[in-house]
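Sequence plus the predicted model coming up.
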Amino acid sequence: MGSKTSKRRQKEKEKSREIDARLKEEEQRFKKEVKLLLLGTGESGKTTFIKQIQILYNEGFSDSEKELYLTVIRQNLIVYTKALINATQELRISLKSENTSIANRFLEYTQFSPQVSQDCKTLWEDEGMKTAFDRRSEFYVPDSTSYFLDNINRISSTEYHPSERDILSCRIPTTGVKSISFMVNQIPWKVVDVGGQRSERRKWIHQFDDVSFIIYVVALSEYDEMLFEDRRINRMHESLELFEKTANNEYFHKTDCIILFNKIDLFEEKIKKRDLSNCFPDYKDGPNLELATQFIKEKFLEKTKNPNRKIHDHYTCGTNTKHIQQVFNSLQTIVFEKRMTETGVI
Ligand SMILES: Nc1nc2c(ncn2[C@@H]2O[C@H](COP(=O)(O)OP(=O)(O)OP(=O)(O)O)[C@@H](O)[C@H]2O)c(=O)[nH]1
Ligand SMILES: [Mg+2]
């Protein structure tokens, strides 16, 4: 009788140990790091996404980062004002006669100074510079150039500290790989950012292991723009081709994928003036925001060869923290539900 009881107890103990071990294993699986890999062509908004994550989950930007952005913002103002001046000359856009000599002396500037700031302001008030900016699809300046020129007084001040908005708008092309790690509800997350320009893409493959999600970023507003790397290639066509390669890459057959249709703010403005049929001759619906975005979305989705594959999507303005918070919330829900299913809880 005694030995029977002790045998039963022994069995119960073993069973309980087994259950504990299984629970621990499941908990570990549930709490395994979620790795998000940001992919997409150059300037689509990948780094802006990671900056937003830094604001939302990692205490924002340090003083030394702000210092770096201050220097880049001021230096970019010189570079892109020069690009606008050169464009006025190449596209035969006239500046006011009194501004011609200012434009010529501006082309010699290399370092930010009160004089540079004053000349930036005078030139940006000239309608010719604004016309050149409106025609930026014919040469290269970043979209954010107008934002920084509009804020020249603040940026020139000796008291200037870049705001979050300034940092989100500041463009530094990514070279190599950057990542950010953080915890949300006891689950560790890692977001990996890579450079999207052609020369950077060969480095992507080193990041392909253990990816939970690919976030493929598309700049909606680039449908009438040419690649920085090759001015003959339309940016949207390049992005579609790259998405096709990414989505059908054997590494990612089972990886969840989200497309961020980004720069919706710029797209909304542009679609009123530039017909989408310039990029897609089969587009017939004119300046209708909803139909145009839907059309682009379908162009991307039809590139995936596996019709059963679920591709999530969001329309975003990458510089709007609330938009990225919403994307992240929906990612959390997907991860949670997936892990609950995998660990057999539901
Ligand atoms: N207006 C607007 N600007 C955006 C948006 N998303 C990103 N940008 C701006 O677009 C520019 C390029 O963004 P990045 O995040 O640097 O692009 P990227 O994909 O990391 O580019 P690479 O590092 O070259 O691959 C920056 O100046 C951003 O501020 C958006 O939704 N709206
Ligand atoms: Mg980047």
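The structure has been received and is ready for your questions. Ligands and ions are numbered 1, 2, ... in the order given.

what about Glu342, how many neighbours?
Neighbours of Glu342 under the rule other C-beta atoms under 10 Å: 13. All C-beta spots, glycine's among them, are computed from the backbone N, C-alpha and C.

contacting residues for it?
Arg29 (C-beta atoms under 8 Å, 6 or more residues apart in numbering).

Could you pull out the helices in this protein for me?
2-30, 46-57, 63-90, 97-106, 114-124, 127-134, 145-150, 152-156, 164-169, 235-247, 264-270, 289-301, 321-342 (DSSP state H).

Next, the buried residues of the longest one.
Put plainly, it is helix 2-30. The neighbour-count check on helix 2-30 (16 or more other C-beta atoms under 10 Å) flags Phe30 as buried.

Now do that helix and helix 321-342, the angle between them.
150 degrees (axes from the mean of the first three to the mean of the last three C-alpha atoms, to 10 degrees).

Look up the closest residue to the residue of the stretch 51-200 of the chain found nearest ligand 2, ignoring the ones flanking it.
Nearest to ligand 2, among the residues of the stretch 51-200 of the chain, is Thr174, at 3.1 Å (C-beta to the ion). Once flanking residues are discounted, Thr174 sits nearest to Gly195: 4.0 Å by C-beta to C-beta, 6 or more residues apart in numbering.

thought the one you found was touching Gly42?
Yes - between Gly195 and Gly42 a contact is recorded at 7.1 Å, counting by C-beta atoms under 8 Å.

Looking at those two, which is more packed in?
In terms of neighbours (other C-beta under 10 Å), Gly42 is the more surrounded of Gly195 and Gly42; the figures are 23 against 19.

circling back to that earlier point, quick one: which of the helices of the chain is nearest Ser212?
Ranking the helices of the chain by proximity to Ser212 (C-beta to C-beta) places helix 321-342 first, at 7.0 Å.

Any part of the closest one near ligand 1?
No - using C-beta under 6 Å from any ligand atom, helix 321-342 stays clear of ligand 1, coming no nearer than 7.9 Å.

Give me whichever of the helices of the chain is most buried.
Mean neighbours per residue, mean count of other C-beta atoms under 10 Å, is largest over these for helix 46-57, with a mean of 22.

what's the residue of the stretch 51-200 of the chain closest to ligand 2 sitting at in phi/psi?
Phi and psi for Thr174, reported as degrees, to the nearest 10, are phi -80, psi 130.

Thr246: what's its closest spatial neighbour, skipping adjacent residues?
Nearest to Thr246 is Leu39, by C-beta to C-beta, 6+ apart, at 5.7 Å.

Now the weakest link among the helices of the chain, please, by mean pLDDT.
Per-segment mean pLDDT for those reaches its minimum on helix 2-30, at a mean of 85.

Show residues contacting stretch 321-340.
Against stretch 321-340 from outside (C-beta under 8 Å, 6+ apart): 29-30, 34, 36, 49, 52-53, 55-56, 164, 184-185, 187, 212-213, 256, 258, 260, 312, 314, 316-318, 346.

For the stretch 1-150 of the chain, what lies in contact range of ligand 1?
40, 42-48, 142-144.

Quick check: residues of the protein near ligand 2?
46-47, 174 (C-beta under 5 Å from the ion).

returning to that earlier point: list residues touching both of Gly195 and Gly42?
Common neighbours of Gly195 and Gly42 (C-beta under 8 Å, 6+ apart) are Pro173.
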